[in-house]
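In: sequence unknown, structure follows:
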């Protein structure tokens, strides 16, 4: 989907002020409420905006340990293992990957002993050959999309501006 400068301004507001009303966004941006709503609807329909819920902290929910667990899967069992991972509440994300392993999961736990229990649960899943874990020590760059949105906005502005030379 092509995202233009107005779309990036809307996305920036959504990221910076997620609890603001559509009417207030329209006022801030200087566009009609209907225009803003149509843009939001289009971006949701096309998958640019994928959610509007709160961002939660696993640490504040009592799960401060974060680990990345690589899972090697028996050939031909990727879908079954992927489906089984969805039943493990401590897995907050899972991706099919290239390189070492077949799946990469982001796992949260109460403590190291709990993390070991979760890993043992993963190892016991049918189709799992082995796991390799890496415990995160400190978050250096939190999940963010604003710098990407800003970069896309700068690119969109350059496409729109006419190249005029006297």
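Out: Good, I have the coordinates. What you are looking at is a predicted structure, and each value in this text was computed from that prediction instead of being measured.

In: Identify the residues contacting residue 62.
Out: residue 110 (Cβ atoms under 8 Å, 6 or more residues apart in numbering). Any C-beta I mention is one placed from the backbone N, CA and C, and that applies to glycine too.

In: Could you report the pLDDT at residue 163?
Out: Reported pLDDT at residue 163 in the predicted model: 56.

In: repeat for residue 166
Out: On pLDDT, residue 166 comes in at 53.

In: Same question for residue 53.
Out: pLDDT, residue 53: 82.

In: ok, how many other residues are close to it?
Out: Residue 53: 6 surrounding residues under other Cβ atoms under 10 Å.

In: Let me know the secondary structure of it.
Out: coil (DSSP: H, G, I helix; E, B strand; the rest coil).

In: same check, this time on residue 132
Out: Secondary structure state of residue 132, per three-state DSSP, is strand.

In: Contacts only, for it.
Out: Going by Cβ under 8 Å, 6+ apart, the list of residues near residue 132 reads 69-70, 72, 100-101.

In: From residue 32, how far out is it?
Out: Taking Cβ to Cβ, to the nearest Å as the measure, residue 132 falls 53 Å from residue 32.
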